[in-house]
Structures are given as structure tokens and as C-alpha cells.
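**Q** below are the sequence and a predicted model; questions follow.
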Amino acid sequence: AGVRVLGRVDGAYGARSRIEVIADAHRYLEWYRVDGFLLDRCPADRTGLPETRRTVTSLRALRDNAHIVLGHGTHPHPGYAENADQLVTFSGPWSDYRFSQVAEWTADYPPERFCHFVHGVPRGHLEEALRIARWQGAATIWFTDRTDRGRNDPWESLPGYWDEIVSRVGRGVSE
């Protein structure tokens with residue numbers, strides 16, 4: 001259907017071995033025939049860069065044209081940008097996002113290289129959230145009104161205002 005499907009592999013901020021990460025990636029390929037991988041909870045500091053580079057190389061070897069997203073959740077060391085197709089440079093609550101700042105080095109890359117995942121966005125603040133994403137140069141977004149309060153994962157279901165997001169963003173959005 002023209003939609004890219006990624007397998008989410010937990011990097012545990014560099015605490016998991018490359019062998020464990022690649023084993024998870026193999027399962028996603030076998031079960032779902034994914035198009036690439038989100039290496040979630042990826043290290044963001046300079047010291048994690050060499051091992052992340054090796055892991056990305058291994059992930060790319062598993063599938064031709066694998067789309068690789070590094071899920072830092074914050075602006076990482078700029079060297080990570082050379083190793084992935086996209087970087088998640090923000091992941092967290094709306095209360096932090098609305099006052100977040102963009103790293104200057106991101107201006108050297110097109111918006112298609114950056115993703116923002118924001119939970120707890122009230123319906124009345126969608127336009128403001130979209131403006132922040134555009135201003136910070138993030139072309140891929142995931143906004144939800146769900147929160148991380150309690151034991152719920154804010155990313156596990158679509159936001160209550162999904163149809164409104166689709167109508168605001170326009171064509172090319174997966175429904």
C-alpha cells in the first residue's frame with residue numbers, strides 16, 4: 001500500500017549487545033517482512049556512536065534498502081545523522097515540547113531526516129504543535145492526546161483526534 005513498515009528494536013541506550021538487537025531484527029523480518037528498523041532508546045552521546053554505527057551497518061546488511069530510524073528522543077551528537085535515514089530528536093510530553101529548542105546542526109539537513117514523537121498534546125494545541133515541528137525542521141511527527149500517566153503506553157493507540165490530524169496534514173498521510 002506504499003506504507004513503510006518498521007520493526008521497533010530496543011537499543012536500551014547501548015546496554016543491549018549488537019547480537020541481541022540483530023536477533024530481534026531477524027524476527028521482525030521473518031514475521032512481518034519489515035522495510036527497516038526503529039532502533040529505539042538509541043544512545044545519543046559521542047561515546048555510543050561507534051557501536052551504533054556497527055549496529056546500523058549490521059541492520060542494513062539484513063535487508064536491501066533498509067530504512068533506519070535512530071530513536072534518541074533528544075538531539076544526539078551530530079555524527080549520528082550520517083548513520084541513519086531519520087533521527088527521532090524529540091520524544092516526550094507536550095509540556096516539554098512546547099518549550100523545546102532545536103540543535104543548530106540540524107539546519108544542515110532536510111526536515112525529512114527528523115522525527116518528533118509528542119504525547120499529551122491537547123486537541124486545541126494541534127496547530128501550535130505543527131508549527132513547532134515545522135520551525136524545528138521535523139517532517140515526520142507522531143502527536144497523541146494519550147499520556148504516560150499510570151501504566152499506559154501513550155504510543156499504543158491512535159489519538160482521539162486522528163481524523164483531525166490527517167485533515168490538517170493532508171495527502172500522503174497513512175490513515
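**A** Structure received. Numbering: from 1, shown residues only.
**Q** what's the least confident helix or strand in the chain, going by average pLDDT?
**A** Lowest mean confidence among the helices and strands of the chain (mean pLDDT, DSSP states H and E): helix 162-169, at a mean of 80.
**Q** mind listing what's buried in it?
**A** For helix 162-169, a neighbour-count test (16 or more other C-beta atoms under 10 Å) marks residue 165 as buried. Glycine gets a C-beta too; all of them are placed from N, C-alpha and C.
**Q** do the same with stretch 118-127
**A** By neighbour count with 16+ other C-beta under 10 Å, stretch 118-127 contains the buried residues 118, 119, 120, 121, 125, 126.
**Q** helices of this structure, start to end?
**A** 18-32, 49-62, 94-97, 126-136, 162-169 (DSSP state H).
**Q** picking up where we left off before, show me what the least confident helix or strand of the chain is packed against.
**A** Here helix 162-169 touches helix 126-136, going by 3 or more C-beta pairs under 8 Å, 6 or more residues apart in numbering; DSSP states H and E.
**Q** any buried residues in the helix it packs on, and which?
**A** Across helix 126-136, burial judged by 16+ other C-beta under 10 Å covers 126, 129, 130, 132, 133, 136.
**Q** leaving out chain neighbours, which residue sits closest to the third one?
**A** By that I understand residue 130. In space, and not counting its chain neighbours, residue 130 is closest to residue 168: 6.7 Å by C-beta to C-beta, 6 or more residues apart in numbering.
**Q** just give me the closest of the buried residues of helix 126-136 to residue 70.
**A** Residue 70 lies nearest to residue 136 out of the buried residues of helix 126-136, by C-beta to C-beta, at 16.9 Å.
**Q** what sits against the closest residue to that closest one other than its chain neighbours?
**A** Nearest residue to residue 136 in three dimensions, chain neighbours excluded: residue 102, at 4.1 Å (C-beta to C-beta, 6+ apart). Listed by C-beta atoms under 8 Å, 6 or more residues apart in numbering, the contact partners of residue 102 are 75, 89, 135, 136, 137.
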